[in-house]
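In: Output the structure for:
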Amino acid sequence: MSSTKEGLIGLSDSKKTFSFKGLFKNNYFLYALSLICFFLFWELVAVTFGKFLPRPIEVIDRVVYMFGHTLAGKTLLMHLWASLRRVFIGFAIATAIGIPLGLFMGFNKYVHAVVKPIFDLFKPMPPIAWISLAILWFGIGETSKIFIIVIGAVVPVVINSFNGIRLVDPDLYHVVKMLGGNHRDEIIQVSFPASLPAIFAGLQISLSMAWTTVLAAELVGAREGMGFIIIQGMNLSRVDQIIGGMFVIAITAWMISAVMTYLERWICPWKMQLKK
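Out: Below you'll find the predicted structure:
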C-alpha cells in the first residue's frame with residue numbers, strides 16, 4: 001500500500017515538474033518563445049509584402065554568402081573586424097579620458113566647477129553633428145572615424161564615473177575615519193569599490209554609443225566596415241544585405257555586452273550580492 005502511495009506521489013510530482021505553468025515561469029523558455037514569435041511574424045509580413053521585406057531564410061542566406069564572398073575585396077568577417085577595431089580604439093580612448101575626468105570631478109569641487117559648465121555645453125550635441133568637422137579636420141581616414149567614436153563614447157563614461165563618486169553613502173567615509181583611516185584609505189577602500197558598478201554601467205552605455213557612432217561614420221566615405229556593407233546594400237537595393245548587416249551588428253554588440261557583464265561580476269561581485 002505504501003509503495004502504491006509513493007508511486008502516486010512520484011507521478012504527481014513529475015506532472016508538476018512538466019506543467020505548462022512551470023514552463024511559462026522559465027526565463028529561457030520565454031526568451032525562446034519570444035524569438036520564435038518574432039520570426040514567425042517576420043515570415044508572415046515578408047510573405048505578404050515580399051517586395052519590401054525579405055524572408056528570414058533569405059537574410060540568413062545573404063549573410064552566409066557574405067562570409068564566403070568578398071565585397072570591395074573583403075569578406076563579412078573582415079568588414080566586421082574593421083568596425084570592431086574602430087570601436088575598441090575609440091572606446092579605449094574614451095575610457096582613458098572619461099573615467100579619470102569623472103572621478104576628478106567627483107573628488108575635487110574646483111575641477112567640478114571648471115569642467116562641468118564646458119562639459120554641459122558639449123554633452124547635448126549629437127556625435128553625428130561632428131562628422132562634417134571631423135572630415136574637415138582629419139579627412140575621411142581612420143582618425144576622423146575614431147574621433148567621432150570618442151566624442152560619442154566619452155559622455156556616458158564621464159557622467160557615470162562622476163555620479164558613482166557623488167552617490168557614495170557618506171556613512172561609509174565615517175566608518176573609515178572611526179577605524180583610524182585617512183583620506184587615502186577613504187578613496188581606495190570606499191570611493192573606488194562603491195563607484196565601480198556605476199562606472200561599469202557607463203561603460204556599457206559607452207559601448208552602445210561607440211557602435212552607433214562608428215556606423216554613422218562608416219556611412220560617409222568608408223571602404224570597409226559594417227556601415228559600408230549597409231550603405232552598399234542600399235545602393236544595390238539588397239534589403240537582405242541591409243538587414244543581415246544589422247543582425248550581425250546586433251549579435252556582435254550583444255556578445256560584447258555579455259563579456260562586459262561577466263567582467264563586472266568578476267571585478268565587483270558585491271553588486272551581485274546586493275541585488276540578491
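
In: Show the model's pLDDT score for the closest residue to residue 119 other than its chain neighbours.
Out: Nearest residue to residue 119, sequence neighbours excluded (CB to CB, 6 or more residues apart in numbering): residue 158, at 6.6 Å. No exception for glycine: its C-beta is placed from N, CA and C like everyone else's. For residue 158, the pLDDT comes out at 92.

In: Residue 158: neighbouring residues, count only.
Out: 24 (other CB atoms under 10 Å).

In: got it, and residue 140?
Out: By other CB under 10 Å, neighbour count at residue 140 equals 14.

In: ok, now which ones touch it?
Out: Neighbouring residues of residue 140 by CB atoms under 8 Å, 6 or more residues apart in numbering: 220, 221, 222.

In: run the last query once more with 7 Å
Out: Residues near residue 140 by CB atoms under 7 Å, 6 or more residues apart in numbering: residue 221.

In: re earlier: where does the residue nearest to residue 119 sit, in terms of helix or strand?
Out: helix 142-166 (DSSP states H and E).

In: Which helix or strand lies directly C-terminal to that helix?
Out: Toward the C-terminus from helix 142-166 - assigned by DSSP H and E - lies helix 170-178.

In: Which elements pack onto that next one?
Out: Here helix 170-178 is seen to pack against helix 183-186 when contacts are counted using 3 or more CB pairs under 7 Å, 6 or more residues apart in numbering; DSSP states H and E.

In: So which bits of the next helix or strand after the helix it packs on are buried?
Out: Once helix 183-186 ends, the next helix or strand along the chain (criterion: DSSP H and E) is helix 192-218. Buried residues in helix 192-218, counted by 16 or more other CB atoms under 10 Å: 192, 194-218.

In: can you check stretch 252-268 too?
Out: For stretch 252-268, the neighbour count (16+ other CB under 10 Å) marks 252, 253, 256, 260, 264, 268 as buried.

In: since we're on residue 119, how many residues are nearby?
Out: If we define neighbours as other CB under 10 Å, then residue 119 has 18 of them.
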